[in-house]
Structure formats: structure tokens, C-alpha cells
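*Asks:* kindly return the folded structure for what I paste below:
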Amino acid sequence: MLPEPKVLFGQMQYEAGSEAAARQRFQMLVTELVALRHPNADEVAGPGGGDWGIDTYVGRLDETIAVWQSKFFMDWKGKDQQDQVRDSFRQLLQKAAEEGFQVDAWTLCVPCILPPKEQKWFDSWAAKNRRIHNVRSITLWNGVKLRRLLAQEDAELIRRAYLPVAAPQPPAESLALAADLAGLDAALFVRQLEEAGYVETDAARGLFFAAEALARDLAARGNRAGIGALEELHLEIQALWEQKFNSLLPMADERGRMMGLVDQVLKEAGHCPDPEGLRLRPAHRRGVAHRLVENSRAGWVRHWREVAASHKGLPAGDLVAEKLATAHAGESS
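*Replies:* Next up is the predicted model:
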């Protein structure tokens, strides 16, 4: 099922990269939809955008044509959109009179849905101009109509070409939590934070626990693809840490501390893209940064390698394993 028009065409604008590119892509989409019913549907273009007010047309420019006018209005707010519609229609009729062709039908195509008052304006404007200019049909293809056309079976190739729908994402991995993490007092990643001047480390412990529990759960399930994806994320965040560490190292103080290092790494780690096949939460990604430190692959002070080498505490992962085993035993009893 296709999403609502605002989401559907918002995706088109995002993938196009700019509003101007999205306008062009929207016009091409409309032409393709018209061509499903009228295979001879075409476009014209002149120097400096001189298209006579014609985006998509069917017929002959020396006889009679039907026109589809594309306006990439993601929102219809009122006067500005009304003026653009009037100007396009006026330009078309002027060229028809100058060049000697007749406009039989005119359809406005927009990706939005008009508010009631604006729909009333369009209905009234269309009825008036049908009478005045002897145009057989003046109609609107709004986001709902376009979505309905795109949903038809014969529009499948158009959907794929212009509105690629993302594949369904796997559910996010669950977030393991623990109420009491005092046992991590002697963990290396906690000591490294303390070396960097951090006094409160409860949130860091929770983040580490979540990432460590995820790694152990993937291993217990024999999810080799997930394990590989998680290691890929470790490498990405380690590369992020290296870049931040190297850039801040010249500013380290006499205690080897670098202002902002921890905060910058954790913030950007939380926004790292998920590796393919693994959907994580921001807490997992930030926890990976602490896991790197715990595994002596990173640190928060200039002398972090010396801190890691001199550390005598038990691996923090052992405590996580014990808590997970206790939790599972409690669920089984």
C-alpha cells in the first residue's frame, strides 16, 4: 500500500535532492501517468523555459489539445498558488489564440490535497473559465487522485522508476536494561571516563550494558550476519573516535584531557547509520563507543593506552553476562 500523498511526494522531493529537481521529476511522472491512457502524450520545451504554458499534452498543436499542467505544490496555502494557476492558464490561452490551436481540456496536477476553502475556489474558478473560454473540461488531479493512479496495476513500472518504496525494515533490536550496575565500578571504560574528569557515569554504564547485551544475544542466537554487522559498526565508530581524538589531541591539557571529546563522539555515534541487516537504537550505538573503550580500542585521554595497560579490573562483559543469566533464570522459573 502506498503511503499518504504528503509522505509519498515528500519522498520524491527528498530523493530528487532539491525542489527544482523534484518539480521536473513530478512533471515527468505526470506525463508517464497520462501516457498510460494516452500513449501519444508528450511535452514541449522552448528556450528559457518557453513552453507556452504546456507541461504535458495530447493532440496536435495545429488543431486541438488536452493539457496537464504540473505544479509541485506540497502545500496549498492560498493566493500564491491561485495566482500561479491563473497565470499558467492565461499563458496557455494566449498562446492558443496566437498560434491557432484549441484547448479542449485542462487538468491541474498537484501532489497536495487542497483545504476545503481552496477546493471551493478551484471548483468555482474552473466552472467560470469553462464557460468563458469554451474549454470542455477543467479538472484537478490532487495528491489523492495521483496516488490512486499510481496504485493501479499498470502503473507498477512508473512507481518503481519515480517513487521507489524502501524495503521494510527489520524490527529494532530490543534494548537490554539493568537496574543495578554498581558492579561496573571497576570497569575499564568507567575508569577511562574518570580519567577524563567525569564523575557521574551511570548513563554510560547503561549504554555499555545495552551494547554488550546485544553482542552476546547475537552470539547466542548464532546470528553471524548480525555479529558481522555489529563489528562493522564498531569499526565505523572507532574511525569516528580516531578522527575526533587526533583533531583534539593538540588541545589536551596537562592531565591529558581533551574538552568535548567524549560528548562529540557519543553524539555522532548515536546518529551513525545502521549497518545492513541490523536495526539499532541510538543507545546501542552510543554503547558501542563505551564497548570500544572497554576492549582497549579507544580512550578518552591522551595517555589512554597507559590507562588500559595498567587496568587490573575484571572484564565488564563478565558482569553483563552474569546479569543476563540471572534475568533469564528468573524468567524461566
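*Asks:* chain center to the lengthiest helix in the chain, what's the gap?
*Replies:* Scanning the chain for the helix with the most residues, using DSSP state H, yields helix 224-248. Distance of helix 224-248 from the chain centroid (C-alpha atoms, centre = their mean, to the nearest Å) equals 22 Å.
*Asks:* give the next helix or strand downstream of that helix.
*Replies:* Following helix 224-248 in sequence order, the next helix or strand is helix 261-270 (DSSP states H and E).
*Asks:* rounded mean pLDDT for the longest helix of the chain, please.
*Replies:* Per-residue pLDDT over helix 224-248 has a mean of 96.
*Asks:* contact partners of it?
*Replies:* 214-215, 218-219, 258-261, 264-265, 268-269, 272, 274-278, 280, 285, 288-289, 291-292, 297-298 (C-beta atoms under 8 Å, 6 or more residues apart in numbering). C-beta here means a position set from N, CA and C on the backbone, and glycine is covered the same way.
*Asks:* so how far is stretch 54-62 off the chain centroid?
*Replies:* For stretch 54-62, the distance to the chain centre is 37 Å (C-alpha atoms, centre = their mean).
*Asks:* what mean pLDDT does it have?
*Replies:* Here the average pLDDT along stretch 54-62 is 95.
*Asks:* make residue 1 into 51 and carry on from there
*Replies:* Shifting the count to begin at 51 puts that one at stretch 104-112.
*Asks:* ok, Asp154 - contacts?
*Replies:* Counting by C-beta under 8 Å, 6+ apart, Asp154 touches 109, 114-116, 185-187.
*Asks:* buried set for stretch 51-71?
*Replies:* Within stretch 51-71, the residues that count as buried by 16 or more other C-beta atoms under 10 Å are 55, 58-59, 62-63, 66.
*Asks:* so how far is it off the chain centroid?
*Replies:* Mean-position distance between stretch 51-71 and its chain equals 10 Å (C-alpha atoms, centre = their mean).
*Asks:* what's the straight distance from one end of that stretch to the other?
*Replies:* 26 Å (C-alpha to C-alpha, to the nearest Å).
*Asks:* re earlier: let's have the contacts of Asp154 in JSON lines, adding neighbour count, distance to Lys195 and secondary structure.
*Replies:* Below are the contacts of Asp154 laid out as JSON lines (neighbours: other C-beta atoms under 10 Å; distance: C-beta to C-beta, whole Å; DSSP: H, G, I helix; E, B strand; the rest coil):
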{"residue": "Gly109", "neighbour count": "19", "distance to Lys195": "21", "secondary structure": "strand"}
{"residue": "Thr114", "neighbour count": "15", "distance to Lys195": "24", "secondary structure": "strand"}
{"residue": "Ile115", "neighbour count": "20", "distance to Lys195": "21", "secondary structure": "strand"}
{"residue": "Ala116", "neighbour count": "19", "distance to Lys195": "16", "secondary structure": "strand"}
{"residue": "Val185", "neighbour count": "21", "distance to Lys195": "19", "secondary structure": "coil"}
{"residue": "Arg186", "neighbour count": "12", "distance to Lys195": "19", "secondary structure": "coil"}
{"residue": "Ser187", "neighbour count": "12", "distance to Lys195": "14", "secondary structure": "strand"}
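*Asks:* and those residues, which is closest to Phe139?
*Replies:* Closest approach between the contacts of Asp154 and Phe139, by C-beta to C-beta: Val185, at 9.0 Å.
*Asks:* which SS state does the nearest residue to that closest one once chain neighbours are set aside fall under?
*Replies:* Nearest residue to Val185, sequence neighbours excluded (C-beta to C-beta, 6 or more residues apart in numbering): Val153, at 5.5 Å. Following DSSP: H, G, I helix; E, B strand; the rest coil, we place Val153 in the strand state.
*Asks:* list the beta-bridge partners for Val153.
*Replies:* Ile115 (DSSP bridges).
*Asks:* so where is the stretch 51-200 of the chain shaky, pLDDT-wise?
*Replies:* Filtered on pLDDT under 70, the stretch 51-200 of the chain yields the residue ranges 96-100.
*Asks:* which ones among the buried residues of stretch 51-71 lie within helices?
*Replies:* Members of the buried residues of stretch 51-71 lying in helices (criterion: DSSP H): 55, 58-59, 62-63, 66.
*Asks:* before we move on, the earlier item: tell me how many other residues crowd the residue nearest to Val185.
*Replies:* The tally of other residues near Val153 (other C-beta atoms under 10 Å) stands at 25.
*Asks:* same check, this time on Trp175
*Replies:* By other C-beta under 10 Å, 16 other residues sit near Trp175.
*Asks:* you'd agree it is in a helix?
*Replies:* Yes. Judged by three-state DSSP, Trp175 forms part of a helix.
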